[in-house]
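*Asks:* need a 3D model of the sequence below.
(one chain, ligands or ions: 1)
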Amino acid sequence: MAVIGDDALRLDGNALAGALQQVFAVEATSVSGRCAGCGRVAELGAQHLYRYPHAPGAVLRCSACDGVLLVLVELPDGYRVNLQGLSWLVAGPGSAAASA
Ligand SMILES: [Zn+2]
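*Replies:* Here you go, the predicted structure:
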């Protein structure tokens, strides 16, 4: 039996371009995510946003457990987004049906 090595299966990350384009080409607030703390799945737009006037960014918290889902900081060269509080996101074609 022939064994296929990791080198033969590994692709350049650019091979994900089409899938990532589908994921990120959506209305972001309608994307559903699973809270890593309590497991609740809900649209990002339904969560609690904390954005103070002089803060460099924003914090999105779970409306069920108040855990931090997402931190977004705006810097001169772009945004930094930490999604550590989300187990996963549902986005792209058919995502509304998948998260219902
Ligand atoms: Zn939660």
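*Asks:* mind giving me the packing neighbours of the biggest strand by length in the chain?
*Replies:* Secondary structure of the chain read by DSSP state E shows that its longest strand is strand 68-75. Helices and strands touching strand 68-75, by 3 or more C-beta pairs under 8 Å, 6 or more residues apart in numbering; DSSP states H and E, are strand 32-35, strand 57-61, strand 78-82. C-beta here means a position set from N, CA and C on the backbone, and glycine is covered the same way.
*Asks:* find the helix or strand that the residue most central in space within the chain is a member of.
*Replies:* When C-alpha atoms, centre = their mean is applied to the chain, the residue found nearest the centroid is L89 (5.0 Å). For L89, the host element (DSSP states H and E) is strand 86-90.
*Asks:* tell me how far the biggest helix by length in the chain is from the chain's mean position?
*Replies:* Longest helix in the chain by number of residues, with DSSP state H as the criterion: helix 17-24. Distance of helix 17-24 from the chain centroid (C-alpha atoms, centre = their mean, to the nearest Å) equals 13 Å.
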